[in-house]
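K.L.:
need a structure here:
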Amino acid sequence: MKNFSVISLILSLILFTAIIKNSTKKIDEETFIKEENLRFLNQEYKNAKLEFEYLSSSEKLLGFQNLYFDEQLVQKELKEIRLIKKSSNQLIIKELKIIDDPKR
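P.N.:
Okay, here's the model as predicted:
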């Protein structure tokens, strides 16, 4: 009887060890996947933040205009902007409606 209890104790310890080892392996794999996703998202965030900070400055945008476009870009009045829609092979040009404009 003593041998049976010792053997059953050893077998149960081996079984519990295998279950725990399997569980921790799954948790490690999930953690690795989450860390990789987080690393990728952090890199995307840094790129988006850099792009926003670099391009959102009006001085930098004017500098880019002068550097790359010279005289190609021309400032337009809001009244000059039109909406163009294509409907059944016809172009329909409409005036842009501005909500905050007190004249309209």
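K.L.:
going forward, measure contacts and count neighbours with C-alpha atoms only.
P.N.:
Will do.
K.L.:
Asn22 versus Lys34, what's the distance?
P.N.:
Counting by CA to CA, to the nearest Å, the gap from Lys34 to Asn22 is 19 Å.
K.L.:
repeat for Leu55
P.N.:
If you go by CA to CA, the gap between Leu55 and Asn22 works out to 50 Å.
K.L.:
So which residues of this protein form strands?
P.N.:
With DSSP state E as the criterion, the chain has strands at 82-87, 90-95.
K.L.:
got the CA coordinates for the first one in PDB?
P.N.:
In other words, strand 82-87. C-alpha atoms of strand 82-87 as PDB (Å, rounded to 0.1, in the frame of the first residue of the first chain):
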ATOM      1  CA  ARG A  82     -15.500  74.800 -56.700                       C
ATOM      2  CA  LEU A  83     -16.800  71.300 -56.200                       C
ATOM      3  CA  ILE A  84     -16.600  69.000 -59.300                       C
ATOM      4  CA  LYS A  85     -18.800  65.900 -59.500                       C
ATOM      5  CA  LYS A  86     -18.900  63.400 -62.300                       C
ATOM      6  CA  SER A  87     -22.400  62.100 -63.000                       C
END
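K.L.:
ok, back up a step: of all the strands of the chain, which lies closest to Ala18?
P.N.:
Counting by CA to CA, Ala18 lies closest to strand 82-87 out of the strands of the chain; the figure is 67.0 Å.
K.L.:
packing partners for the closest one?
P.N.:
Applying 3 or more CA pairs under 8 Å, 6 or more residues apart in numbering; DSSP states H and E, one finds that strand 82-87 contacts strand 90-95.
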